[in-house]
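Visitor: Return atomic coordinates for the entry below.
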Amino acid sequence: MSDKYLENPANAQAFAQLKKEADMKVPRRHVELYDTIMGCLGYTSPDGGINENNNWCHIPQAKEAAAN
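Guide: Next up is the predicted model:
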């Protein structure tokens, strides 16, 4: 990721989430790559084209809210 891209706080958070997922060292499925690449770039798809659960940059806000 470029420095300019990471200047945006949302992009920096997404990249931190990506690094967190990578540090888990668990096997990943190749079908997650598309959703991750598009999601890390900021694309979303409300009609199901991009599955946010497969996006390694997605920050699971619903889980955080439920935990509080």
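
Visitor: So the residue positioned nearest the centre of the chain versus residue 23, what's the distance?
Guide: The geometric centre of the chain, computed from its C-alpha atoms, lies nearest to residue 57 (CA atoms, centre = their mean), at 1.3 Å. Per CB to CB, to the nearest Å, residue 57 is found 14 Å from residue 23. C-beta here means a position set from N, CA and C on the backbone, and glycine is covered the same way.

Visitor: Let me see the residues that make contact with stretch 23-39.
Guide: Outside of stretch 23-39, the residues within contact range by CB atoms under 8 Å, 6 or more residues apart in numbering are 14, 18, 45, 50, 51, 52, 54, 55, 56, 57, 58.

Visitor: Send me it as CSV with only the CA atoms.
Guide: Output in CSV follows, covering the C-alpha atoms of stretch 23-39 (Å, rounded to 0.1, in the frame of the first residue of the first chain):
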residue,chain,number,x,y,z
ASP,A,23,-0.5,-12.8,11.1
MET,A,24,-3.0,-15.6,12.0
LYS,A,25,-1.1,-17.9,9.7
VAL,A,26,-4.2,-20.0,8.9
PRO,A,27,-4.8,-21.5,5.4
ARG,A,28,-6.8,-19.2,3.2
ARG,A,29,-9.1,-20.0,0.2
HIS,A,30,-8.3,-18.6,-3.2
VAL,A,31,-11.9,-17.5,-3.6
GLU,A,32,-11.3,-14.9,-0.9
LEU,A,33,-8.7,-13.1,-3.0
TYR,A,34,-11.1,-11.2,-5.2
ASP,A,35,-13.2,-10.0,-2.3
THR,A,36,-10.0,-9.0,-0.4
ILE,A,37,-8.4,-7.1,-3.3
MET,A,38,-11.6,-5.2,-4.2
GLY,A,39,-12.4,-4.6,-0.5
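
Visitor: List the buried residues in it.
Guide: Of all the residues in stretch 23-39, those buried under the rule 16 or more other CB atoms under 10 Å are 32, 35, 36, 38, 39.

Visitor: Quick check: the farthest pair among those residues?
Guide: 32 and 38 (11.0 Å; CB to CB).

Visitor: Quick check: the gap between residue 33 and residue 4.
Guide: 24 Å.

Visitor: residue contacts, residue 10?
Guide: residue 42.
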